[in-house]
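Visitor: coords please:
(chains A and B)
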Protein chains: 2
Amino acid sequence: MADGPELVLQPPSPELAQRIADTLRFLSADQVQKANSGHPGLPMGSAEIAATLLTRHLRIDPKDDKWANRDRFVLSAGHASALLYSMLHLVGYLTIEDLQGFRQLGSRTPGHPEHGETPGVEASTGPLGAGFSMAVGMATSERMLAELFNTPKFDIIDHYTYVLTGDGCQMEGTVYEAGSLAGHLGLGKLIVIYDANDITIEGTTSLAFTENVAERYRAMEWHVQEINGNDLQAVDAAIVAAKEEKTRPSIIVAKTVIGRFAPNKQGSHSAHGEPLGAEELAAAKAARNWPAEDFTVPQDVADYFDIRRGEWLAMRQEWNEMYAAYDKKHHSTARELARVLSGELPKQWKNAMTEFPAGTAVATRAAGGTVMNQLGAVIPELVGGAADLAPSTKTEIKSGANPDFIGRGSFLGRNIHFGVREHAMGWFTNGMALHGGFIPYSATFMVFHDFMRPAVRLSSMMNLRNIFIYTHDSIAVGEDGPTHEPVEQLATLRALPGLSVWRPADANETLYAWQAMLEKKTGSHAICLSRQNLPVLDRTRYAAARETLKGMYILDTDTERSAEILIIASGSDVHLGLAVAEKLKEAGRAVRVVSSPCIEVFKTQAEGYRKKVLPKRLKKRLVIESGVVQGWEGVLGDSGIFIGIDSYGLSGKAEMVAEKLGMAVPAVMAKIEEAGW
Amino acid sequence: MADGPELVLQPPSPELAQRIADTLRFLSADQVQKANSGHPGLPMGSAEIAATLLTRHLRIDPKDDKWANRDRFVLSAGHASALLYSMLHLVGYLTIEDLQGFRQLGSRTPGHPEHGETPGVEASTGPLGAGFSMAVGMATSERMLAELFNTPKFDIIDHYTYVLTGDGCQMEGTVYEAGSLAGHLGLGKLIVIYDANDITIEGTTSLAFTENVAERYRAMEWHVQEINGNDLQAVDAAIVAAKEEKTRPSIIVAKTVIGRFAPNKQGSHSAHGEPLGAEELAAAKAARNWPAEDFTVPQDVADYFDIRRGEWLAMRQEWNEMYAAYDKKHHSTARELARVLSGELPKQWKNAMTEFPAGTAVATRAAGGTVMNQLGAVIPELVGGAADLAPSTKTEIKSGANPDFIGRGSFLGRNIHFGVREHAMGWFTNGMALHGGFIPYSATFMVFHDFMRPAVRLSSMMNLRNIFIYTHDSIAVGEDGPTHEPVEQLATLRALPGLSVWRPADANETLYAWQAMLEKKTGSHAICLSRQNLPVLDRTRYAAARETLKGMYILDTDTERSAEILIIASGSDVHLGLAVAEKLKEAGRAVRVVSSPCIEVFKTQAEGYRKKVLPKRLKKRLVIESGVVQGWEGVLGDSGIFIGIDSYGLSGKAEMVAEKLGMAVPAVMAKIEEAGW
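Guide: Have a look, this model is predicted:
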């Protein structure tokens, strides 16, 4: 689809356009007023922006909110959810009753936009900066898919990504990171409208935020315009100009009046985050000659959107026809596009993986790199990168048809240099997962998970298919010392509802962890990998590596019935567990070792299996993990012993640090003796 | 102390200055080589910058690394620790033997700088962006102390804060946040030297980082210079110009060559993060006609620093004399300065706190605000602010002598508008705590702890006296929905070694939590406070509120001996626990309720007390907390029941959300019944 309109778009008259803006304005204020909770200020100030997007720019399908080539509209200022819901009502996705249920339990109009709960909500937003940063990932996905699947005659994937952002977002570090990356990449089809109303919760932006935002974006290689955001024509002209700019992302700094037309509150932070009050709202409506009745949609506005929906459907129909021709001419490409958009993996993808031979020693980060390259050869949609640590995280995919790095204006590739931008990286991959067409991953050192945690939280909440790779997963980092040594990160990852946390014990557990992470169409995963080499376990002696898929399994199967002591460990600590088991066996004790690559998956196993792996009768449970005890409740029990670390790490050679912190055979044996086992 | 040199400073000749730079260069490379681990690149590229700082600018006391008015030098590029240690050797803080122990367990020269382990290390750094962001807090502290304590004749507090930062730091979001805030505040005495060597781990900055950093800083209201950072004279001239700039922070974009003089590796990322290798290092030394022997300090360099140390001691002596005159003329002010610098609280400070009357209902965030204002009246050094949420977090201190907000060029105040910059806010308060003179706090919604977690981690690791206030601490946030409702944050806060996590059950527990947080000179704290009103418990019926100080205590003391069921809860959930206890008592059951405001403090109590509160015999333990189960191991036991939330929250009225998620009396009673208690 070319950039010009293929269909005669019928823009509303200036008067009607203003009435549409006022409809959005008052539908939004009414929602907040009825709920007696929410944010009327930005919706009332941005109504002209929203009206212009709806009537002149957004290309969507009012019957199909999943259309792959729809324009994405992300409300980064998620607290202005009422505005988004008002827009979605005019589009046809939400009813007036939905709007009346604003912020009520079980409604489709929750307090902040929740992806999956409401058609047309492209992303869960609310935490400031999130939407903007995810949109950068969406816009990149669009360009990458276009490079892969479009042909000279068929622009099958060709849409814009719009963002509405506010002052709060613009102060967030992740927005700077994502903005710098977007400018670097040259995302010409990313159009950000910045509702600059100069008001935040504590007062005016003059209190804390006086930088020149426009100049900042110019420095970050963006196309920048500054306009009056309450001027319908100016907004339209700016969006048109933004579309004409092909090589740089655009930001439109749109000065608006918060709570516009509320006679006593407009322009003040009192309009930001609480209902206007019945009187003030009535006065605002009166000032606009607006019907006093709440949730009013004037007939001419409703009529206009009937026409607009027809236009939208015709646009979609035109795309369908193009797609049919494309499918005819480039059938296998079209099938591949359909496949990646559906989230189905290629048939036989598992055949690409080959188990590692026993007898060698491989760091699980290196094993992960090997597996990713095996999988990458057959799963082209597996794409991602690291926060400037790829040589250490081993996450570059050099296999497959397009093994290059994407870069400024060149989007044919699968590896991404995220730069030292962990937080934006997390959001970026969320945006890719939301967009569709790719299975994203991101990588950094495990201790730096902390820098990107908000993104991992929302990925888990949205149940996105997203893979977070964390290497250097323990004090075995060694010389880099405590600032670089995770001790609490395994616990905090496991604390996130909806996230599966993998910590494989050897190369083959890593392989099956990857299988498990890819297998389902939804679900977020973290995989925690060792810096140091770990022996590849001899699976003729131990349980088959594919047992990994069960989350926990009995490693030394010969001990199934007889054991009196149960050792449970994850990742590199499994090897310590095995060494301790040897010692105990030498002393004539019957020991079982359980490997625990993923507690979350184990919890989903049938009760019978769980009881077999962790029999109730076995109370002498020794849990070993190089980290805090948190997360092992329900496994450890009243009589168990935990071998872990309850302080920060130390700088020194890895083995010496481990010994000093008690993560070595003699210290563990001493604890067992002390317990009188 | 005025800005001009009071003493004839003896700058080295250009040749000697270069030899000093080379001394730093090769001492650093030798450390990395000997350790066979570390980062030679930035030290070798920044040696001229470090030499210029040492010989011409830094004002320190070689005998007293704690001197209050010393210039602060923060190595934000913490991986270049070898350079800092080389500098500290020339200053006299470290021996050659210390340098030879680089990165070894137990040495004073750990892999990344660790505050407290090494004299002269002003902050633990390594996580990129941390040092820069903390320095903004330090520089603000300097200005605030100067406003409070200097007089027209006595500039007792008057020092610079220098930062050495690299490309990695500059990509981090927190650096943008802190930089924007520093520009807004107008921190004229903050001087940042940006080692722009255009190299990061994945390659050149052209791969991911092509913004115009200088222009970005201009947009953020900084004084910006661009120089050749390997030109000793240019570096000096730029620092002189930066000092002349009084109203804006300065950044000197110093282009350098990474790994400078290593013939085969300079200018490449192969020089960044691994030893040069013996051969390459030898070749580099040969290129400089440098002695081949490692850890060489030429005699003329050593001699120069003997003189330089004399100058430094004379500077310090001059300050001491000024201070003596100041103390004589402004004795009470001088005593107050000495007090705040010592960290001692004013005598009788606890008398300022008054308990809240029972029978009312107060949100603990509101109670927190009241207590902070009571304390603020007598503890002027208690300063801080919120990330644009002060009206909601209730953290503005309106009491005391200077209750204003600090702002652009006006530093006489105690409240800070941090803007929507949670991450930088956390680091900023770390910087204040490191600087001395203040007890900082910061505030945001609890769910946004995630945005600032790296700073909280390092505060805990450095054992800084720092208070993190998190309000809206549960699903009782209600309408704002899951993106704003913490469920895993209590667990993840408790997972941080060294952090005390307070969650008071009512206004009076809040009061004593504040007492506990302030009482000690070291230690980081988080306090988690309710959005919603909570009854102020009637302490004639329940245990005295000061029991809070023990971390956990028996609330209904009449049940001490007889109980068969133990209910343990924290914060707002204590009230649910009490309601459940009432129900159970009605049914004739003997129940004890334990309030748990701080698990970490409870763990430090004598075993006798702990056993009294949680008797071993009481196995029917009902733990109630609106969050994930993590962190309650060791309390719950094999037979306990946990009432909590293992999913994300919901948008709706708070009570309805709570009911839906099982946090209400009927659901709890059903679980107890189900368990057959």
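Visitor: how many other residues sit next to A:Lys60?
Guide: Not quite, residue A:60 is Ile, not Lys. By the criterion of other Cβ atoms under 10 Å in any protein chain shown, A:Ile60 has 23 neighbours. For glycine as for every other residue, the C-beta is placed from the backbone atoms N, C-alpha and C.
Visitor: tell me the contacts of the nearest residue to it once chain neighbours are set aside?
Guide: Nearest-residue entry for A:Ile60: A:Arg70, 4.7 Å, with adjacent residues in sequence omitted and distances by Cβ to Cβ, 6 or more residues apart in numbering or on different chains. Going by Cβ atoms under 8 Å, 6 or more residues apart in numbering or on different chains, A:Arg70 touches A:Arg59, A:Ile60, A:Asp61, A:His159.
Visitor: Which residue, other than its chain neighbours, is closest to the residue of the stretch 51-200 of chain A found nearest chain B?
Guide: Nearest residue of the stretch 51-200 of chain A to chain B (Cβ to the nearest Cβ) works out as A:Gly173 at 2.2 Å. If the residues on either side of it in the chain are set aside, A:Gly173 comes closest to B:Gly173, at 2.2 Å by Cβ to Cβ, 6+ apart.
Visitor: Counting neighbours, what do you get for the one you found?
Guide: A count of nearby residues for B:Gly173, using other Cβ under 10 Å, gives 30.
Visitor: now the strands: where do they sit in the stretch 401-550 of chain A?
Guide: Along the stretch 401-550 of chain A, counting by DSSP state E, counting those that start in this stretch, strands occupy A:415-417, A:439-445, A:466-471, A:499-502, A:524-529, A:533-535.
Visitor: Between the ones you listed, which one is closest to chain B.
Guide: strand A:415-417 (4.0 Å).
Visitor: Contacts for the closest one next, please.
Guide: Contacts of strand A:415-417 (Cβ under 8 Å, 6+ apart): A:140, A:383-385, A:388, A:390, A:396-397, A:403-407, A:428, B:202-203, B:207-208.
Visitor: at 6 Å what do you get?
Guide: Outside strand A:415-417, the residues within contact range by Cβ atoms under 6 Å, 6 or more residues apart in numbering or on different chains are A:Gly385, A:Glu396, A:Phe405, A:Ile406, B:Glu202, B:Leu207, B:Ala208.
Visitor: and what of stretch A:163-176?
Guide: With Cβ under 6 Å, 6+ apart, stretch A:163-176 has contacts from A:42, A:74-77, A:128-129, A:132-133, A:135, A:192-195, A:200, A:205, A:209, A:213, A:423-424, B:173-174, B:176-177, B:419-421, B:423.
Visitor: does chain B sit close to stretch A:25-40?
Guide: Yes: counting by Cβ under 6 Å from any Cβ of the partner chain, chain B is contacted by stretch A:25-40 at A:Ser37.
Visitor: low pLDDT regions in chain A?
Guide: Along chain A, the model assigns pLDDT under 70 to residues A:1-8, A:559-561.
Visitor: can you tell me how far the residue most central in space within it sits from chain B?
Guide: In chain A, the residue lying closest to the centroid (Cα atoms, centre = their mean) is A:Asn430, at 2.4 Å. Distance from A:Asn430 to chain B, counting by Cβ to the nearest Cβ, to the nearest Å: 13 Å.
Visitor: The lengthiest helix in chain A - contacts with which helices or strands?
Guide: In chain A, assigned by DSSP state H, the helix with the most residues is helix A:299-329. Here helix A:299-329 is seen to pack against helix A:14-35 when contacts are counted using 3 or more Cβ pairs under 6 Å, 6 or more residues apart in numbering or on different chains; DSSP states H and E.
Visitor: who touches the next helix or strand after the helix it packs on?
Guide: Per DSSP states H and E, the first helix or strand lying C-terminal to helix A:14-35 is helix A:41-45. With Cβ under 6 Å, 6+ apart as the test, helix A:41-45 has contacts from A:25, A:28, A:77, A:80, A:82-83, A:166, A:195, A:197, A:256-260, A:271-272.
Visitor: Now do helix A:41-45: distance to the chain's middle.
Guide: The chain centre lies 27 Å from the centre of helix A:41-45; the measure is Cα atoms, centre = their mean, to the nearest Å.
Visitor: what's the distance between A:Pro119 and A:Phe73?
Guide: A:Pro119 sits 13 Å away from A:Phe73, going by Cβ to Cβ, to the nearest Å.
Visitor: With neighbour numbers in mind, choose between the two.
Guide: A:Phe73 (28 against 15).
Visitor: And A:Val371, how far from B:His484?
Guide: Counting by Cβ to Cβ - A:Val371 and B:His484 are separated by 38 Å.
Visitor: on that earlier part again, I'd like the strands of the stretch 401-550 of chain A laid out as CSV, including distance to B:Ile439.
Guide: Converted to CSV, the strands of the stretch 401-550 of chain A look like this (distance: least, Cβ to Cβ, whole Å):
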stretch, distance to B:Ile439
strand A:415-417, 42
strand A:439-445, 32
strand A:466-471, 35
strand A:499-502, 36
strand A:524-529, 36
strand A:533-535, 46
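Visitor: Out of those, which gets nearest to B:Ile568?
Guide: Proximity to B:Ile568 (Cβ to Cβ) singles out strand A:499-502 among the strands of the stretch 401-550 of chain A, at 27.1 Å.
Visitor: That closest one pairs with which strands, parallel or anti?
Guide: Strand pairing for strand A:499-502, using DSSP bridges, gives strand A:524-529 (parallel).
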